[in-house]
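1. everything below, folded, please.
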Amino acid sequence: MHVMRNPGLAEIFLVNPRRSPDVLARLADYRLRRLVAYAYEHVPLYRERWRAAGVSPRDIRSRADLPLLPMVDKDAIVDAGAEAWSSERPARGLIEMRTSGTSGRAIHVVRTIREIRVMRRAILRHYHQLGMMPWNDTVTVASGWLKAKGAFIGRVAHTRHIEPDMPLDEQVAILAAFRPVAIVGQTGALYLLARELLRRRAPYWMRWVVPTGATLMPEMRQAMRSAFGSDPCDMYGAVEVGPIAWQCSRGSYHVDADRIIVEIVDEDGRPRPPGQPGQVVITNLHSWTMPFIRYRLLDVAACLPDVCGCGCRFPLMGAVRGRINDFLPTPSGELVSPHFFFHLFDDAAHNPVKDWRITQEGPAHLVYEYVPERQFFDPAALARGLDRVRQRFGADCRLEARAVDHLPLTPAGKRRCIVSKLRPEAKPWDEVWIRPLDEAPSVPGGAGNGYGGR
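-> Numbering: from 1, shown residues only. Got it, this is the predicted structure:
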């Protein structure tokens, strides 16, 4: 891989979020033109695809021209292999990171230290926008590799590290001993910790709660709000491209516009109108060692035309409504939103399960694994929730329910609730943008789930 030697100050320093949208647009277009020209010259993966599509760098003058370029995804990158990238690669100074593989095959992402630092600055900018400072006592809940990489930062700043698979008793003990005012980490791990605090009737108040790494479902948000006393400020990102968008204190998702171009498109890569959900496609303007240009993430979201009152001028997008692989098809071909499964027990006085995972083994075969909530387990509530699944998926679908003692995290330390073993092309994806995405069981009265209500 050939690494750009002198990217210039414009490629290193990030823009003040209050800068004019026109300034951001001109900067993004300038960086895009340079990146496309570089990728066409040095990266065979893109050069071959763009030539086949009849597109050259001179055709791409601004973000509006991006739909001329074909999209790429994980399968395309993995299938292309190492020969898809330039053989000119420095012997030292590269850092390799691996995606979790939960949405398909894993990618080994290679970056320079400089590129890593740009992503870190973007994260720190998000914290600063929220009012967090390095001297604020903070707990980070993330995989062990982050602890090793951030050991120096942990000594300078006031931080403690919790690994997601650490027993909940130990996690609660760290909170009690360290007494942090902020908690940052993987969404699923924060959710389980929040539920444990609520189960013990011992909420721990935080000033800042920043989940990242997975879709923040409404049930997760409510549990964190009830357990930590603050509304979570979500950070949306991916290992391949770094932070993509982050929530401000007013709840708006601001796109990291000086680093990232976000497109919301249909299955053929055509732009969706503002407010209309579609697939998230990303171009990372700072990724030169391993460029990601029109990279399809398989997430579902929408661009928003609104202006946020927080003062940040970065463009807005809606909350991610789930990964495409989280939308499970019924035997009749309808798609069921992931939100459906997070609301199965809204009519129960207490949620009967402590943790759960649903796996679609085949088009008409579901397996629901659950860890019973020992203190509040209600077999009748569990049965009613499973009946809703059977009704939603139809009589032709077989549903197995299995009680387990523990559901392991992924190798990346993530909590994965919905697993599809179907290939994406086997699903009727067009319906993702036709059917309502926020479908949930119809519950008379909406009694809540016993963890702070709704």
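2. buried stuff in the longest helix along the chain?
-> Assignment by DSSP state H gives helix 21-42 as the longest helix of the chain. If you call a residue buried by 16 or more other Cβ atoms under 10 Å, then helix 21-42 has these buried ones: 24, 27-29, 31-36, 38-40, 42. Every residue, glycine included, has its C-beta placed from N, CA and C.
3. quick one: contacts of that helix?
-> Contacts with helix 21-42, where a contact means Cβ atoms under 8 Å, 6 or more residues apart in numbering, come from 2, 4, 10-11, 15, 46-47, 50, 56-57, 60-63, 66, 69, 86, 88, 257-258, 261, 283, 285-288, 291, 293, 313-315.
4. can I get the next helix or strand after that helix as CSV, trimmed to CA atoms?
-> For helix 21-42, the following helix or strand on the C-terminal side (DSSP states H and E) is helix 44-52. What follows is helix 44-52, C-alpha atoms only, in CSV (Å, rounded to 0.1, in the frame of the first residue of the first chain):
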residue,chain,number,x,y,z
PRO,A,44,-6.5,-1.3,-8.4
LEU,A,45,-9.8,-2.1,-6.7
TYR,A,46,-11.3,1.3,-7.5
ARG,A,47,-9.5,1.9,-10.8
GLU,A,48,-10.9,-1.3,-12.3
ARG,A,49,-14.4,-0.7,-11.0
TRP,A,50,-14.5,2.9,-12.1
ARG,A,51,-13.1,2.1,-15.6
ALA,A,52,-15.8,-0.6,-16.0
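5. now do the longest helix of the chain against helix 44-52: the angle between them, please.
-> Angle between the axes of helix 21-42 and helix 44-52 is 100 degrees (criterion: axes from the mean of the first three to the mean of the last three Cα atoms, to 10 degrees).
6. narrow the contacts of helix 21-42 to those in strands?
-> Among the contacts of helix 21-42, the members falling in strands (DSSP state E) are 261, 283.
7. in PyMOL, how would I select just the buried ones from the contacts of helix 21-42?
-> Selection of buried members from the contacts of helix 21-42 for PyMOL, criterion 16+ other Cβ under 10 Å:
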select buried, resi 2+4+11+15+46+47+50+57+60+66+69+86+257+258+261+283+285+286+287+288+291+293+313+314+315
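8. list the buried residues for stretch 255-272?
-> Result for stretch 255-272 [16+ other Cβ under 10 Å]: buried residues 255-265, 269, 271-272.
9. redo the residues you listed as TSV? Include distance to Thr212.
-> Shown next, in TSV, are the buried residues of stretch 255-272 (distance: Cβ to Cβ, whole Å):
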residue	distance to Thr212
Val255	15
Asp256	13
Ala257	18
Asp258	19
Arg259	16
Ile260	15
Ile261	20
Val262	16
Glu263	21
Ile264	20
Val265	24
Gly269	27
Pro271	27
Arg272	25
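10. now do the strands in the stretch 151-300 of the chain.
-> 159-162, 182-186, 208-212, 235-238, 242-247, 253-255, 260-265, 278-284, 295-301 (DSSP state E, counting those that start in this stretch).
11. now the ones you listed in JSON lines, with mean pLDDT and distance to His128?
-> Below are the strands of the stretch 151-300 of the chain laid out as JSON lines (pLDDT from 0 to 100; distance: least, Cβ to Cβ, whole Å):
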{"stretch": "strand 159-162", "mean pLDDT": "84", "distance to His128": "16"}
{"stretch": "strand 182-186", "mean pLDDT": "91", "distance to His128": "13"}
{"stretch": "strand 208-212", "mean pLDDT": "93", "distance to His128": "11"}
{"stretch": "strand 235-238", "mean pLDDT": "90", "distance to His128": "13"}
{"stretch": "strand 242-247", "mean pLDDT": "92", "distance to His128": "11"}
{"stretch": "strand 253-255", "mean pLDDT": "94", "distance to His128": "13"}
{"stretch": "strand 260-265", "mean pLDDT": "95", "distance to His128": "18"}
{"stretch": "strand 278-284", "mean pLDDT": "94", "distance to His128": "21"}
{"stretch": "strand 295-301", "mean pLDDT": "87", "distance to His128": "24"}
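12. need those strands in CSV (columns: distance to Arg415).
-> Below are the strands of the stretch 151-300 of the chain laid out as CSV (distance: least, Cβ to Cβ, whole Å):
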stretch, distance to Arg415
strand 159-162, 14
strand 182-186, 7
strand 208-212, 11
strand 235-238, 16
strand 242-247, 20
strand 253-255, 22
strand 260-265, 25
strand 278-284, 21
strand 295-301, 17
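13. quick one: closest of those to Gly229.
-> Set against Gly229 and scored by Cβ to Cβ, the strands of the stretch 151-300 of the chain come closest in strand 208-212, at 8.7 Å.
14. against which helices or strands is the closest one packed?
-> Other helices and strands packing on strand 208-212, by 3 or more Cβ pairs under 8 Å, 6 or more residues apart in numbering; DSSP states H and E, are helix 113-130, strand 182-186, helix 187-199, helix 218-228, strand 235-238.
15. what's the angle from the longest helix of the chain to strand 278-284?
-> Using the same axes, to 10 degrees: helix 21-42 against strand 278-284 is 70 degrees.
16. quick one: helix 21-42 to strand 260-265, angle?
-> 90 degrees.
17. with only the CA atoms kept, save helix 21-42 in PDB.
-> Written as PDB, here are the backbone C-alpha positions of helix 21-42 (Å, rounded to 0.1, in the frame of the first residue of the first chain):
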ATOM      1  CA  PRO A  21     -21.900  24.900   5.800                       C
ATOM      2  CA  ASP A  22     -20.500  26.500   2.600                       C
ATOM      3  CA  VAL A  23     -17.000  26.300   4.000                       C
ATOM      4  CA  LEU A  24     -17.500  22.600   4.900                       C
ATOM      5  CA  ALA A  25     -18.900  21.800   1.500                       C
ATOM      6  CA  ARG A  26     -16.000  23.400  -0.400                       C
ATOM      7  CA  LEU A  27     -13.500  21.600   1.900                       C
ATOM      8  CA  ALA A  28     -15.200  18.300   1.400                       C
ATOM      9  CA  ASP A  29     -15.300  18.700  -2.400                       C
ATOM     10  CA  TYR A  30     -11.600  19.600  -2.400                       C
ATOM     11  CA  ARG A  31     -10.700  16.600  -0.300                       C
ATOM     12  CA  LEU A  32     -12.900  14.300  -2.400                       C
ATOM     13  CA  ARG A  33     -11.300  15.300  -5.700                       C
ATOM     14  CA  ARG A  34      -7.800  14.600  -4.300                       C
ATOM     15  CA  LEU A  35      -8.900  11.300  -2.800                       C
ATOM     16  CA  VAL A  36     -10.500  10.000  -5.900                       C
ATOM     17  CA  ALA A  37      -7.500  11.000  -8.100                       C
ATOM     18  CA  TYR A  38      -5.200   9.200  -5.600                       C
ATOM     19  CA  ALA A  39      -7.300   6.100  -5.500                       C
ATOM     20  CA  TYR A  40      -7.600   5.900  -9.300                       C
ATOM     21  CA  GLU A  41      -3.800   6.000  -9.600                       C
ATOM     22  CA  HIS A  42      -2.800   3.800  -6.700                       C
END
